[in-house]
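Chemist: Output the structure for:
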Amino acid sequence: MSTITALNRDHETTSPLEDARIILRNQPGAYGCRAVIINRHRALIETSLTVSLPEWFSLAVAPDFTPRPCAVTWRGTRIVKVALFS
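Modeler: Next comes the predicted model:
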């Protein structure tokens, strides 16, 4: 299983990447990706779509795949950091 190292305030944690879906507004279907929830309000997403993702979209993470609105706060070449909203 893949892992990702996430900086979480005062310490570094290694968490497994979970299956996830990126859901874009006014677009049919969803895009597969891998994600780790850092805390209630932040997540890291591993995807090949980093450049083309809009600033706002929904993220659904396993096991329940409940969509949560999110906003991009940082973009890398393969990783996107997002703020999660309820």
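Chemist: host element of the residue most central in space within the chain?
Modeler: Residue closest to the mean C-alpha point of the chain, counted by CA atoms, centre = their mean, is Ile45 at 3.3 Å. According to DSSP states H and E, Ile45 maps onto strand 42-46.
Chemist: Same question for Lys81.
Modeler: strand 79-84.
Chemist: where are the low-confidence patches of the protein?
Modeler: Residue ranges of the chain with pLDDT under 70: 1-14.
Chemist: Now do stretch 70-86: distance to the chain's middle.
Modeler: 6 Å (CA atoms, centre = their mean, to the nearest Å).
Chemist: That stretch: which residues count as buried?
Modeler: Buried residues in stretch 70-86, counted by 16 or more other CB atoms under 10 Å: 70, 72, 79-82, 84. Any C-beta I mention is one placed from the backbone N, CA and C, and that applies to glycine too.
Chemist: Name the member of those residues with the shortest distance to Pro54.
Modeler: Pro54 has its nearest neighbour among the buried residues of stretch 70-86 in Val72, at 7.9 Å by CB to CB.
Chemist: Contact partners for the closest one?
Modeler: Listed by CB atoms under 8 Å, 6 or more residues apart in numbering, the contact partners of Val72 are 53-56, 80-82.
Chemist: if you set the cut-off to 6 Å instead, what comes out?
Modeler: Contacts for Val72 (CB atoms under 6 Å, 6 or more residues apart in numbering) come out as 55, 80, 82.
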